[in-house]
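*Asks:* Predicted structure and sequence below. I'll ask about it afterward.
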Protein chains: 2
Amino acid sequence: MKAKVYVTLKPGVLDPQGKAIHHSVELLGFQNILDIRQGKYFEIELNGNLSVSEANDLVSKIANEVLANPVIENYRVEIES
Amino acid sequence: MKAKVYVTLKPGVLDPQGKAIHHSVELLGFQNILDIRQGKYFEIELNGNLSVSEANDLVSKIANEVLANPVIENYRVEIES
C-alpha cells in the first residue's frame, strides 16, 4: 500500500526558492510563465495490513508532525491501495 | 491556467534524505512504515492564452531542462485548465 503526501506553502507565505526558479526560467527565455511555487512530495510505502482509513490517519499524523510545518504549510494525503 | 510538476528519483537511485526521514519517523514511534522517498513538487501559473497542448509542451520542456535532472530523476506534468 502506498501513500503520497504533497506539502505546499500556504498562499500568503513568501517562496524565495520558487521566485528564484521563476527568474531562472525567464532568463532562459521561457515565456508565458506567471509564477512558480515549490513544494515537497513524499512517497510512503505502508504495511499492506492497514485499512485505507487507518493508513490515512497514520500518514496524516506523520505529515502533520514530521513532513510539514503546519504554521506555514498545507499538506494533502492520498492513499493508493 | 495551472500546471503541476512532480519530480521523483528514479527507482534505483539512493535517497539518503528519504532514509533519514524514515529513520526519524521510526524513532518517533510510528509503525507500519516500510519506506519513504522524497521528491519535489512545483505549481506553475501559466498565461491563460495557451492551449492545453501548448502548456503541456512548455511545462515539459521546463521540467526537463530546469526542474528535474533527467539522469537520476523522473518527472510527471499535469495541466489544470
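*Replies:* Arrived safely.

*Asks:* right, and A:Ile44 touches A:Ile62 too?
*Replies:* Yes: counting by Cβ atoms under 8 Å, A:Ile44 sits close enough to A:Ile62 to count as a contact (7.5 Å). The way it works is simple: take the backbone N, C-alpha and C, and place the C-beta from them, glycine included.

*Asks:* got any residues that touch both of these two?
*Replies:* A:5, B:33 (Cβ atoms under 8 Å, 6 or more residues apart in numbering or on different chains).

*Asks:* Return the set of buried residues in the lengthiest strand in chain A.
*Replies:* Secondary structure of chain A per DSSP state E: the longest strand is strand A:33-46. Counting neighbours by 16 or more other Cβ atoms under 10 Å in any protein chain shown, one finds that the buried residues in strand A:33-46 are A:33, A:36-44, A:46.

*Asks:* quick one, phi/psi of the residue sitting furthest away from the middle of chain A?
*Replies:* Among the C-alpha atoms of chain A, the one farthest from their average position, using Cα atoms, centre = their mean, is that of A:Gly29, at 27.6 Å. Note on A:Gly29: backbone dihedrals following degrees, to the nearest 10 are phi 100, psi 0.

*Asks:* Bridging across strands, which residues link to A:Gln38?
*Replies:* Legend: beta-bridge partners of A:Gln38 under DSSP bridges are B:Phe42.

*Asks:* What separation do you get for it and B:Ser53?
*Replies:* Using Cβ to Cβ, to the nearest Å, one obtains 25 Å as the distance from A:Gln38 to B:Ser53.

*Asks:* Contacts only, for A:Gln17.
*Replies:* Contacts for A:Gln17 were tallied using Cβ under 8 Å, 6+ apart; they are A:Gln38.
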